[in-house]
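Asks: pasted the sequence and its predicted model underneath.
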Amino acid sequence: MLITNGVVATELGLVGWRKSSASNPSGNCVEVAELPDGQIAVRNSRYPDGPALVYTRAEIAAFLTGVRNGEFDDLG
């Protein structure tokens, strides 16, 4: 299956979705899952059957580095 951004999350099969332990208790969370080919899918927990964005490991690593460096602190 060709996986592209905006794929319906349920079409990704049985992947292990997980979210941060610091997530909002009302369920408004971002969830991530590793795909069989090593890519990372991201979805909104409020819409588990909705679209998922798919990123390479390098893209996720770059984003996490930015988070750790405080580059997105103005969004929180």
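Replies: Perfect, thanks for sending it. A quick note: this is a predicted structure, and the numbers were derived from the prediction, not measured. Numbers count the residues shown, from 1 in each chain.
Asks: from now on I want contacts and neighbour counts done on CA atoms only, so please keep to that.
Replies: OK.
Asks: so what strands line up beside the helix or strand of the chain with the lowest mean pLDDT?
Replies: Least confident helix or strand of the chain, by mean pLDDT, DSSP states H and E, is strand 7-8 with a mean of 90. Partners of strand 7-8 in the sheet, by DSSP bridges, are strand 51-55 (antiparallel).
Asks: what segments of this structure are strands?
Replies: Along the chain, the segments classed as strands by DSSP state E run 7-8, 30-34, 40-44, 51-55.
Asks: tell me how many other residues crowd the nearest residue to residue 54 once chain neighbours are set aside.
Replies: Leaving aside its chain neighbours, residue 54 sits nearest to residue 41 (4.4 Å; criterion: Cα to Cα, 6 or more residues apart in numbering). When neighbours are counted by other Cα atoms under 10 Å, residue 41 registers 26.
Asks: now swap in residue 40 and tell me
Replies: So residue 40, with other Cα under 10 Å, has 19 neighbours.
Asks: for it, what are its contacts?
Replies: By Cα atoms under 8 Å, 6 or more residues apart in numbering, residue 40 lies in contact with 32, 33, 34, 54, 55, 56, 57, 60.
Asks: what do you get if the cut-off is 6 Å, keeping everything else the same?
Replies: Each residue near residue 40 by Cα atoms under 6 Å, 6 or more residues apart in numbering is listed here: 33, 34, 54, 55.
Asks: bridging residues for it?
Replies: Applying DSSP bridges, one finds that residue 40 bridges with residue 34, residue 55.
Asks: can I get the strands of the chain in TSV with distance to residue 18?
Replies: Shown next, in TSV, are the strands of the chain (distance: least, Cα to Cα, whole Å):
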stretch	distance to residue 18
strand 7-8	17
strand 30-34	5
strand 40-44	10
strand 51-55	13
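Asks: mean pLDDT lowest for which of those strands?
Replies: Among those, strand 7-8 carries the lowest mean pLDDT, a mean of 90.
Asks: distance of the residue located most distally from the centre of the chain from residue 6?
Replies: If you look at how far each residue of the chain sits from its centre, by Cα atoms, centre = their mean, the farthest one is residue 74, at 20.4 Å. Taking Cα to Cα, to the nearest Å as the measure, residue 74 and residue 6 are separated by 27 Å.
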